[in-house]
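J.: give the three-dimensional model of this entry:
(one chain, ligands or ions: 2)
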Amino acid sequence: DLLTPKTHHLEGQHWVITAGPTQEAIDPVRYISNHSSGKMGYAIAAAAAQHGATVTLISGPVALPVPAGVKRVSVKSAQEMLYACRVACANNADVFIGAAAVADFRMKEVANQKMKKQQDSNELQLTLVKNPDIIATLAQEGAAKCMVGFAAETQDVVGYAKDKLQRKGLDLIIANDVSQAGIGFNSDQNQVTIISASDQWTSEQASKSTIAQRIIEHIHQFQLTQST
Ligand code: CTP
Ligand code: CA
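T.: Ligands and ions are numbered 1, 2, ... in the order given. Predicted structure coming up:
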């Protein structure tokens, strides 16, 4: 029952996918962010649309075009991303995929004016507070029938990923080892391990579009086991 490209197995389904980094303002001209390129999330969105799904892509700031047949909603901060996800999932989505690299912290208070250097100090302290956990919040709210997370790790990749699967209440988690040069963050290539409560499977190292295809096949298989 594997999907071949450009079949229409996902027709009638609504997939909501997050991608890219979030940007957390420090003041009107500065922000906290990370190096996520958005390529993996965009590749999954493109592939899901090719298979006939209605796709809403909630995207942080990235330098990528909107994939064919995909509706993009552009956001900056994690709080904006959570709000946009709730709106997109309002009618209960079939699949939610959290491919965004959400900033874990934001400024406790954003400065209204550009911050100035203090002449008498060589240090600056910023107070940060935790951002909401978007995917865990949505899982708890029952936002989608199938909740899929990512886990980018530099050590004990499968161990940490399984912990996140459980803690965030997800159906599947896609683990990748970001300590290896040439795959993951910012690269065009990736290699992932897809983990459910009972199974795990490791992909070949391949282009992000091939990996996107594998991820969609696994989600589709999960849906088939849920409906029988
Ligand atoms: N995630 C999220 N909201 C956050 C942080 C993470 O929705 N505030 C999602 C990511 O999109 C990803 C999954 O949770 O699907 C795992 O993200 P990750 O950063 O690996 O997990 P954290 O829980 O933030 O743990 P840590 O960064 O401490 O490893
Ligand atoms: Ca994190």
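
J.: max-length helix in this protein?
T.: As assigned by DSSP state H, the longest helix anywhere in the chain is helix 208-227.

J.: who's in contact with that one?
T.: Under the contact criterion Cβ atoms under 8 Å, 6 or more residues apart in numbering, helix 208-227 has outside partners 1-3, 5, 9-10, 39-40, 43-44, 46-48, 51, 94-95, 97, 145-146, 148, 171-172, 174, 188-192, 194, 196, 201, 203-204, 206. All C-beta atoms are positioned from the backbone trio N, CA, C, and that covers glycine.

J.: give me the buried subset of those.
T.: 3, 9-10, 39-40, 43-44, 46-48, 51, 94-95, 97, 145-146, 148, 171-172, 174, 190-192, 194, 196, 203, 206 (16 or more other Cβ atoms under 10 Å).

J.: can you narrow the residues you listed to ones near ligand 1?
T.: Applying Cβ under 6 Å from any ligand atom, the subset of the buried ones among the contacts of helix 208-227 adjacent to ligand 1 is empty.

J.: ramachandran angles for the most centrally placed residue in the chain?
T.: Nearest to the centroid of the C-alpha atoms of the chain, with distances taken as Cα atoms, centre = their mean, sits residue 99, at 1.5 Å. Residue 99 has phi and psi values of phi -100, psi 0 when expressed as degrees, to the nearest 10.

J.: can you list the residues of this structure near ligand 1?
T.: 78, 98, 100, 102, 104, 131, 133-135, 149-152, 164.

J.: touching, residue 175 and residue 159? I think so.
T.: No - using Cβ atoms under 8 Å, residue 175 is not in contact with residue 159, being 9.4 Å away.

J.: between the two, which has more neighbouring residues?
T.: residue 175 (24 against 11; other Cβ atoms under 10 Å).

J.: unless I misread the structure, the more buried one falls within a strand.
T.: Yes - checked against DSSP: H, G, I helix; E, B strand; the rest coil, residue 175 lies within a strand.
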